[in-house]
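Asker: Just the structure for this:
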Amino acid sequence: MNNHQYYLMIQQFTLFSDFFMHAVFSHSRESVQLLARILTGKTDLIVVEWGLEVKKGFPFFRNDRYDLFIIDQYGNVYNIEIENTLRFLGKRAFHNMCLLGSQGLKPGEEHKALRENWVVFLTKKDFLKQNEPFYSYEWFNCKWRRILNTKAHIRFVNGEYRGDDELGKLMHDFHCTNPDDMFYDELREAVSYFKKEPKGVNAMCEIMNEFKRKSKNEGRRQGRAEGRAQEREAIMRNLREEGMSYEKIARITNQSLSKVKSFFKTQQTA
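Answerer: Prediction:
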């Protein structure tokens, strides 16, 4: 696949597309800060550190890669996941929160030093199908409905929400293929760089070429790591949701057409 074909694909990407989302938020601190402020409702949040595809875990146990990992000016920690599916979200959110909390204190620190931990899943579809902008979960006693002060927050954000407010405008922007249609300057500028600026477009083409190269090499090895398999499957789903044919998906991910069709057939029956 040549760069012109990649360019046409890039023009169809949205911020729900893994390739594209990672590039945009890696490139733009302003976009990351805008996202974190709106998703949490913390208007004074300042991003001090952030990273994409940050690995968290412990030896001999399952490690996970966070789409977006943020530390604010007070040391509070945020994990934001951009999701195209709704599978196992509750268990995944709980697991991510456990990893955050378990690494929140240094040796010798008192528990009172534990900072806020946020796990936010921004889902392309409505998580509970209740037409709410988001669904927040706290720890509380079921009988007396009293909140347990854990400083741990789990939130699922409805990507289908279109209210006339900050979150509604953000969700609109996440679905845009044309940056000129976006409400927020921070996102418009960052997305335009990778869709319109030659340097940014070339960078995206390189990212996609690199993924294709790695996929081809890994296809020759036995026993691929589970994390890489999940990444490939997520990319396959994203490309299909962008309207791409099974044949093109097979070429990009270096898999047989029958394997691609079998994967999507399994997804439909799951």
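Asker: quick one: the helices in the stretch 51-200 of the chain?
Answerer: Here the stretch 51-200 of the chain has its helices, by DSSP state H, counting those that start in this stretch, at 89-102, 166-174, 185-195, 198-219.
Asker: and the first one, what other elements does it pack with?
Answerer: Counting contacts by 3 or more C-beta pairs under 8 Å, 6 or more residues apart in numbering; DSSP states H and E, helix 89-102 packs against strand 47-56, strand 64-72, strand 77-83, strand 117-123, strand 152-158. Any C-beta I mention is one placed from the backbone N, CA and C, and that applies to glycine too.
Asker: at 10 Å what do you get?
Answerer: Packing contacts for helix 89-102, counted by 3 or more C-beta pairs under 10 Å, 6 or more residues apart in numbering; DSSP states H and E, involve strand 47-56, strand 64-72, strand 77-83, strand 117-123, strand 134-137, strand 152-158.
Asker: mean confidence for it?
Answerer: Averaged across helix 89-102, pLDDT comes to 91.
Asker: what angle do the helix or strand bottoming out on mean pLDDT in the chain and strand 77-83 make?
Answerer: Ranking every helix and strand in the chain by mean pLDDT, DSSP states H and E puts helix 226-241 at the bottom, with a mean of 77. Angle, helix 226-241 to strand 77-83, by axes from the mean of the first three to the mean of the last three C-alpha atoms, to 10 degrees: 50 degrees.
Asker: Show me which residues of helix 226-241 are buried.
Answerer: Within helix 226-241, the residues scored as buried using 16 or more other C-beta atoms under 10 Å are 231-232, 235-240.
Asker: Can you name the element that comes right after it?
Answerer: Remark: after helix 226-241, the chain's next helix or strand is helix 246-253, criterion DSSP states H and E.
Asker: In that following helix, which residues are buried?
Answerer: For helix 246-253, the neighbour count (16+ other C-beta under 10 Å) marks 246, 248-253 as buried.
Asker: could I get these as TSV with pLDDT and distance to Leu34?
Answerer: Below are the buried residues of helix 246-253 laid out as TSV (pLDDT from 0 to 100; distance: C-beta to C-beta, whole Å):
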residue	pLDDT	distance to Leu34
Tyr246	89	36
Lys248	86	33
Ile249	88	32
Ala250	86	36
Arg251	84	35
Ile252	81	30
Thr253	81	32
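Asker: Between these, which sits nearest Glu160?
Answerer: Minimum distance to Glu160 across those is 24.6 Å, recorded for Ile249 (C-beta to C-beta).
Asker: Using PDB, write out the CA atom coordinates for stretch 77-87.
Answerer: Presented in PDB, the C-alpha positions along stretch 77-87 are these (Å, rounded to 0.1, in the frame of the first residue of the first chain):
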ATOM      1  CA  VAL A  77      -3.500  10.100  38.300                       C
ATOM      2  CA  TYR A  78      -5.800   9.600  35.400                       C
ATOM      3  CA  ASN A  79      -6.300   6.700  33.000                       C
ATOM      4  CA  ILE A  80      -8.400   7.500  29.900                       C
ATOM      5  CA  GLU A  81      -9.400   4.800  27.500                       C
ATOM      6  CA  ILE A  82     -10.900   5.500  24.100                       C
ATOM      7  CA  GLU A  83     -13.100   2.500  23.400                       C
ATOM      8  CA  ASN A  84     -14.900   1.300  20.200                       C
ATOM      9  CA  THR A  85     -16.500  -1.700  21.900                       C
ATOM     10  CA  LEU A  86     -18.400  -2.400  25.100                       C
ATOM     11  CA  ARG A  87     -17.000  -5.800  26.000                       C
END
